[in-house]
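> Please find the sequence and the predicted model below.
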Amino acid sequence: MKQRIVTGIVAGLGFFIMLYLGGYWYAGLIAALALVGYAEFLRMNGLNSNKVIEIIGYAGVLALLYDWQGDVMTSGYLIWVLMFLFLAGTVLSKNKTTIDHVATAFLGMVYVGVGFHYMIETRAIADNGLFWTLLIFLCIWTTDSGAYFTGSKFGKTPLWPTISPKKSVEGALGGTVLSVIVALGFAWLRPELLGYGQAVIVGIVIAIVGQMGDLIQSAYKRVKGIKDSGAILPGHGGVLDRTDSWLIVFPFLHMLSLLPQA
């Protein structure tokens, strides 16, 4: 427990400093997290020694992080080219790298690359990127904490027992309520940026989608028979364990046009 607390404080402090600084500091941190997260994904699937997949996958994650420039067509072309390179790898390796290998690696690349891309995109929102990024992170973390404590106190109805036996419907609802309260607090602080009605919608979306992101990672680890995606954060597991909600929430909010454009 002591190790978990110390790691949480140190990692949290470093993260908030980089988030506050923004620019290349924050983007560099997110890029590092994305590369470590993709390494965890490859290792979970036994693909971490496949050089064809590693070269294309890591390059693809970095390309997805930075090369979109807000152009949907360009991003579509980029994803297609990366898919082609993965498929070409099956031919060039004479099927030592199989279609199953590249399909899994491609899925992980998009999951990690696009998810972390939108974290950078959110921080880059003109003038108010820090406001929106903090709003999202605090709502995610409040949802997690609210669901845990509400579920511990009042939880009776299993939410999804085959995936995560300890989660309850009552906990999920408690986390959602607290997420909305946090979003309303941000609306109160900066009403010119966030209306109360929009705050309620944002808080609900973050809570629901964030908890789904957590369940997705839980389901995946259960299939693989592992507890944590990695061990880079003592007492907290790996990068994917800590960012499972982030990777789903940030893209979702942008795709629903609930955030301003960068």
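Thanks, I have it. Residues are numbered from 1 along each chain as shown.

> from here on, contacts and neighbour counts on C-alpha atoms
Fine.

> In the protein, spot the strand with the most residues.
strand 164-168 (DSSP state E).

> So for the next helix or strand after that strand, what gets flagged as buried?
Next helix or strand after strand 164-168 toward the C-terminus (DSSP states H and E): helix 169-189. Within helix 169-189, the residues that count as buried by 16 or more other C-alpha atoms under 10 Å are 169-184, 186-187.

> list the contacts for residue 210?
Residue 210 makes contacts with 140, 244, 245, 246, 248, 249, as judged by C-alpha atoms under 8 Å, 6 or more residues apart in numbering.

> which SSE is it in?
helix 196-224.

> re the thing from before, helices or strands up against the longest strand of the chain?
helix 129-154, strand 158-160, helix 196-224 (3 or more C-alpha pairs under 8 Å, 6 or more residues apart in numbering; DSSP states H and E).

> rank the ones you listed by pLDDT, which is bottom?
Comparing mean pLDDT across these, the weakest is strand 158-160, with a mean of 81.

> now for it, which elements pack on it?
Counting contacts by 3+ C-alpha pairs under 8 Å, 6+ apart, strand 158-160 packs against strand 164-168, helix 169-189.

> can you rerun that using 6 Å?
strand 164-168 (3 or more C-alpha pairs under 6 Å, 6 or more residues apart in numbering; DSSP states H and E).

> Distance from the strand it packs on to the middle of the chain?
20 Å (C-alpha atoms, centre = their mean, to the nearest Å).

> For the strand or helix carrying residue 65, output the C-alpha coordinates as PDB.
Using DSSP H and E, residue 65 sits within helix 51-66. Output in PDB follows, covering the C-alpha atoms of helix 51-66 (Å, rounded to 0.1, in the frame of the first residue of the first chain):
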ATOM      1  CA  LYS A  51      10.400  -7.200 -35.600                       C
ATOM      2  CA  VAL A  52       8.100  -6.600 -38.600                       C
ATOM      3  CA  ILE A  53       5.200  -5.800 -36.300                       C
ATOM      4  CA  GLU A  54       7.300  -3.800 -33.900                       C
ATOM      5  CA  ILE A  55       8.700  -1.500 -36.600                       C
ATOM      6  CA  ILE A  56       5.400  -0.900 -38.300                       C
ATOM      7  CA  GLY A  57       3.400  -0.700 -35.000                       C
ATOM      8  CA  TYR A  58       5.600   1.800 -33.200                       C
ATOM      9  CA  ALA A  59       5.900   4.000 -36.300                       C
ATOM     10  CA  GLY A  60       2.200   3.800 -36.700                       C
ATOM     11  CA  VAL A  61       1.500   4.800 -33.100                       C
ATOM     12  CA  LEU A  62       3.700   7.900 -33.500                       C
ATOM     13  CA  ALA A  63       2.100   8.800 -36.900                       C
ATOM     14  CA  LEU A  64      -1.400   8.500 -35.500                       C
ATOM     15  CA  LEU A  65      -0.300  10.800 -32.600                       C
ATOM     16  CA  TYR A  66       1.000  13.700 -34.700                       C
END
